[in-house]
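Enquirer: Take a look and give me a structure for this.
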Amino acid sequence: MAILQAFRVTLFYLLLSSSSFFWCLISLVVAPFLPFRQRYRFVVQAWCSCAVWLARVIVGIRYEVRGVENIPERPCVILANHQSTWETFFLSSYFEPLSQVVKRELLRVPFFGWGMALLKPIAIDRSNPKAALKQLAKQGDERLKQGAWVLVFPEGTRIPPGQIGKFSRGGTSLAVNAGLPVLPIAHNAGEFWPKAGWGKRSGTIQVIIGAPMYAEGEGPRAIAELNERAFQWVCQQQTELRGEEPQLSRLGEPA
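Expert: Numbering: from 1, shown residues only. Take a look at the predicted model:
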């Protein structure tokens, strides 16, 4: 069984990497001529849906979503815990159009980074946290006004299952200043798609979408309270998913 699973994972990565290369080539030719929403659907939503489909069909990584009724009609700031690459693919295909906070270095990756640059990501310099926060505030507000969801992983990096990273206040600050709620999302993707290595385990990822959370007031205190509320909600969902309370991780440099 281990050999068969290793073969499936290898096949998955071969198909994923080859589809990424060819799709990026096509996108670089076609996408510049499309309006932003159609561009997003063509470049991101289609390919990310393909990645999630490949993971399900080849590796056996399925998913269930609870709380769909909590998604507001108007796009807002999504705060999700970060355990693997899977949730990046899934959330990018599930919400559209979506602008994601990414490391600036990713835009320099040949083909993949060039295609990503067409999609209005918020590409921050993590070595300069103060500048990154200002950039998130400015560009995030622009994306929200353009009708795009803004995805923030407040832990700042992928955290192994059983742990949770401290939440930065960048996402909640953006939401409060824009007069919008945050939409909290919790999942256990890292149980089946680990942070380290190529190994994958078949099973069903649970994705839980919480009710939109609004700030109670304005200013730094309201931002801090909303951030803590979102953090505690994700902690509670992780406890229920795993059967034990997550430990605070020292990993991550949240923006």
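
Enquirer: how about the strands in this protein?
Expert: With DSSP state E as the criterion, the chain has strands at 61-66, 77-80, 98-103, 122-124, 149-152, 163-165, 182-187, 203-209, 247-249.

Enquirer: Check the average confidence over stretch 135-153, would you?
Expert: For stretch 135-153, mean pLDDT is 92.

Enquirer: How far does it stretch from one end to the other?
Expert: Using Cα to Cα, to the nearest Å, the end-to-end distance of stretch 135-153 comes to 15 Å.

Enquirer: Same check on stretch 55-69?
Expert: Counting by Cα to Cα, you get 26 Å between the two ends of stretch 55-69.

Enquirer: returning to what we had before: could you dump the strands of the chain to a markdown table with distance to residue 14 and mean neighbour count?
Expert: Quick note: C-beta positions are derived from backbone N, CA and C, even for glycine. Output for the strands of the chain, formatted as a markdown table (distance: least, Cβ to Cβ, whole Å; neighbours: other Cβ atoms under 10 Å):
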| stretch | distance to residue 14 | mean neighbour count |
| --- | --- | --- |
| strand 61-66 | 16 | 16 |
| strand 77-80 | 28 | 26 |
| strand 98-103 | 25 | 21 |
| strand 122-124 | 28 | 22 |
| strand 149-152 | 28 | 25 |
| strand 163-165 | 31 | 22 |
| strand 182-187 | 26 | 26 |
| strand 203-209 | 22 | 19 |
| strand 247-249 | 32 | 12 |
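
Enquirer: To residue 130, which of those lies closest?
Expert: strand 122-124 (10.9 Å; Cβ to Cβ).

Enquirer: how far does the closest one sit from the chain's center?
Expert: 14 Å (Cα atoms, centre = their mean, to the nearest Å).

Enquirer: again with stretch 45-65
Expert: Its chain's C-alpha centre and that of stretch 45-65 lie 15 Å apart, by Cα atoms, centre = their mean.

Enquirer: In it, which residues are buried?
Expert: Of all the residues in stretch 45-65, those buried under the rule 16 or more other Cβ atoms under 10 Å are 45, 47-52, 54-55, 58-59, 61, 63.

Enquirer: Tell me the one of those residues nearest residue 117?
Expert: residue 47 (15.1 Å).

Enquirer: Mind jotting down where the helices sit in the stretch 51-200 of the chain?
Expert: Listed in chain order, the helices of the stretch 51-200 of the chain (DSSP state H, counting those that start in this stretch) span 86-94, 112-116, 129-145, 170-178.

Enquirer: could the ones you listed go into TSV alongside distance to residue 19 and mean neighbour count?
Expert: Formatted as TSV, the helices of the stretch 51-200 of the chain follow (distance: least, Cβ to Cβ, whole Å; neighbours: other Cβ under 10 Å):
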stretch	distance to residue 19	mean neighbour count
helix 86-94	12	22
helix 112-116	11	18
helix 129-145	27	17
helix 170-178	30	25
